[in-house]
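1. this one's sequence-less:
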């Protein structure tokens with residue numbers, strides 16, 4: 001009952017306040033503007049964007065006013081619509097800057113705040129976060145002075161968004177919380193929904209499950225009454241289903257999930273989480289077919305799961321096809337990563353070029369100097385970026401080649417050793433056969449029996465060696481196609497942490513591939529869990545920087561640990577490189 005009352009009261013305020021704004025505007029400072037523009041402005045404030053678009057279209061169909069103030073007001077509303085739809089971009093810099101200059105010294109604080117917010121949004125889209133934050137803070141000071149709920153919500157939303165874009169989640173959460181509390185204090189249920197959705201997103205990144213569920217439920221509850229919040233509600237419901245699936249509350253997820261294309265991924269993971277292998281495969285295949293333009297990282301994840309499903313089913317042919325597709329996608333990811341880096345540099349260059357054009361009239365005598373400085377800066381950025389990309393690519397390739405070489409050498413050494421043993425056994429079997437013939441000729445049954453038994457044991461030993469080789473090769477291939485291996489091999493300083501289950505699985509692989517690797521280590525010395533993990537990662541051939549990142553320690557700490565482990569295992573002082581060699585030989 002209280003919730004219904006709160007929702008109705010919020011709806012009343014959302015529709016009543018815009019009407020009051022319209023009446024006051026008609027009697028005050030906005031009296032010289034067309035009533036259609038003032039009504040459209042009020043509709044935007046109230047979140048009724050369909051009505052606002054209709055009013056603006058009706059205004060545009062009439063004869064336009066020659067008054068500059070009304071023309072600028074129309075431009076303000078055009079940019080406001082783009083702003084609320086998050087469609088402002090660097091191409092709007094000239095229009096936004098002109099609007100800002102027009103209202104810069106105006107007494108109309110709401111219009112000044114909006115122009116500042118638009119300017120901040122364009123700078124944010126260009127990647128110039130310091131400038132964007134500067135204009136947002138100016139807008140914040142004016143908005144608190146004007147004391148307008150909608151503007152205060154927009155300001156805190158934008159500043160929170162700036163910090164979110166830079167993954168400064170603590171600061172981001174602070175402003176989103178202000179956004180939420182302002183909307184809540186004014187019973188503005190529409191913006192409570194918007195703010196709650198953003199809070200849910202930040203808590204999702206922070207993995208605060210209780211807070212995620214609380215805020216997404218708020219976003220759905222308060223936003224479902226507004227057509228303008230439809231996208232926010234659907235996205236919140238989608239994200240909430242995803243969370244329920246992750247924490248294995250499948251019934252709650254099922255109660256929320258509609259059967260539409262937007263929720264195919266949730267249905268796929270819902271079935272996958274409950275081990276409905278056939279249904280999961282159906283949905284993941286459908287996702288690949290229906291979303292060919294899906295983000296490449298997501299496509300890679302789908303292919304990994306389908307690969308795992310087909311391995312479980314024993315469909316080797318399909319599994320190989322998915323594996324080949326996965327390799328192709330991961331290669332594309334590397335190329336796209338490099339292309340995206342160059343695109344960002346080009347985007348920054350283009351934005352700065354527009355910025356120069358804007359300042360050309362005011363600072364004509366500095367244009368040439370600024371252009372030369374900009375070109376020099378861009379060339380240096382491109383040069384440094386190209387060098388960094390090349391060095392990163394080269395280092396990664398060198399690591400991959402080194403690791404592959406070590407693996408190949410190990411496999412060849414093991415294979416040669418096994419083949420030598422088999423050959424020795426065969427030679428011995430031939431000798432035993434000759435001795436067996438002699439024993440039979442001499443009718444020495446006891447000796448003949450012993451020789452037959454020894455020959456049979458050697459034959460069984462050869463079969464065991466061959467079986468062990470095939471088993472190790474199978475386990476090695478399984479390891480090298482696992483998600484765990486892909487994460488470890490592709491890891492390059494990004495944020496990725498192994499769970500206890502992952503470490504346990506890694507230890508199992510090491511023991512299976514390298515003949516009880518853990519127990520042989522522990523037979524030499526009593527090692528801690530962290531020390532064992534260092535041994536596993538070094539055995540895989542991962543570089544120290546990589547090991548440090550996975551263990552959440554510094555590179556120097558990893559180096560000291562390796563030196564200490566060498567002394568612990570051998571009883572002699574040694575270097576970290578000697579430890580690496582010891583582990584590779586073990």
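-> Cool, got the structure. Computed from a predicted structure; not experimentally measured. Numbers count the residues shown, from 1 in each chain.

2. Figure out how far the longest helix seen in the chain is from the centre of its chain.
-> What stands out as the longest helix in the chain, according to DSSP state H, is helix 367-441. Mean-position distance between helix 367-441 and its chain equals 30 Å (CA atoms, centre = their mean, to the nearest Å).

3. Just after that helix, pick out the following helix or strand.
-> Per DSSP states H and E, the first helix or strand lying C-terminal to helix 367-441 is helix 445-480.

4. What separation is there between residue 369 and residue 375?
-> With distances taken as CB to CB, to the nearest Å, residue 369 is found 11 Å from residue 375. The C-beta positions use only the backbone N, C-alpha and C, and glycine is treated the same way.

5. That should have said residue 147, apologies.
-> 46 Å.

6. who has more neighbours, the two?
-> Of the pair residue 147 and residue 375, residue 375 is the one with more neighbours under other CB atoms under 10 Å, namely 12 against 9.

7. how much space between the more buried one and residue 385?
-> 15 Å.

8. Could you do residue 265 as well?
-> In terms of CB to CB, residue 265 sits 34 Å off from residue 385.

9. So the two - more neighbours on which side?
-> Neighbour count, other CB under 10 Å: between residue 265 and residue 385, residue 265 has more, with 22 against 15.

10. so where does the more buried one fall, helix or strand?
-> helix 264-273.

11. now that helix: mean pLDDT?
-> Mean pLDDT, computed over helix 264-273, is 90.

12. Whatever helix or strand comes next after that helix: how far from the chain's middle?
-> For helix 264-273, the following helix or strand on the C-terminal side (DSSP H and E) is helix 277-290. The chain centre lies 22 Å from the centre of helix 277-290; the measure is CA atoms, centre = their mean.

13. now do stretch 221-228
-> Distance, centroid of stretch 221-228 to centroid of chain: 29 Å (CA atoms, centre = their mean).

14. Report the separation between residue 195 and residue 236.
-> 11 Å.

15. Ok, residue 548 next?
-> 38 Å.

16. Looking at those two now, which is surrounded by more residues?
-> Taking neighbours as other CB under 10 Å, residue 548 and residue 236 compare with residue 236 leading, 28 against 21.

17. Relative to residue 201, how far out is the closest residue to the more buried one other than its chain neighbours?
-> Once flanking residues are discounted, residue 236 sits nearest to residue 219: 4.0 Å by CB to CB, 6 or more residues apart in numbering. To residue 201, residue 219 is 10 Å away according to CB to CB.

18. Tell me which of these two has more neighbours.
-> Applying other CB under 10 Å to residue 219 and residue 201 shows that residue 219 carries more neighbours, namely 28 against 20.

19. show me the contacts for that one.
-> Residue 219 makes contacts with 193, 194, 196, 197, 200, 232, 233, 236, as judged by CB atoms under 8 Å, 6 or more residues apart in numbering.

20. Now the element after the helix or strand encompassing residue 239, going C-ward?
-> Element membership for residue 239, per DSSP H and E: helix 230-246. As assigned by DSSP H and E, the chain's next helix or strand after helix 230-246 is helix 250-256.

21. Which secondary structure elements does that next one sit against?
-> helix 230-246, helix 264-273 (3 or more CB pairs under 8 Å, 6 or more residues apart in numbering; DSSP states H and E).

22. how about TSV for the ones you listed, with distance to residue 311 added?
-> Listed next are those as TSV, based on distance: least, CB to CB, whole Å:
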stretch	distance to residue 311
helix 230-246	22
helix 264-273	14
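
23. Low-confidence ranges, the stretch 51-200 of the chain, go.
-> By pLDDT under 70, the low-scoring segments of the stretch 51-200 of the chain are 64.

24. so where do the helices sit in it?
-> 68-84, 93-103, 109-126, 129-146, 149-165, 169-185, 189-206 (DSSP state H, counting those that start in this stretch).

25. From the centre of the chain, point out the most distant residue.
-> Residue farthest from the centre of the chain, counting by CA atoms, centre = their mean, is residue 442 at 78.8 Å.

26. got a markdown table for the helices of the stretch 51-200 of the chain, with distance to residue 285 too?
-> Listed next are those as a markdown table, based on distance: least, CB to CB, whole Å:
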| stretch | distance to residue 285 |
| --- | --- |
| helix 68-84 | 38 |
| helix 93-103 | 44 |
| helix 109-126 | 36 |
| helix 129-146 | 41 |
| helix 149-165 | 34 |
| helix 169-185 | 36 |
| helix 189-206 | 27 |
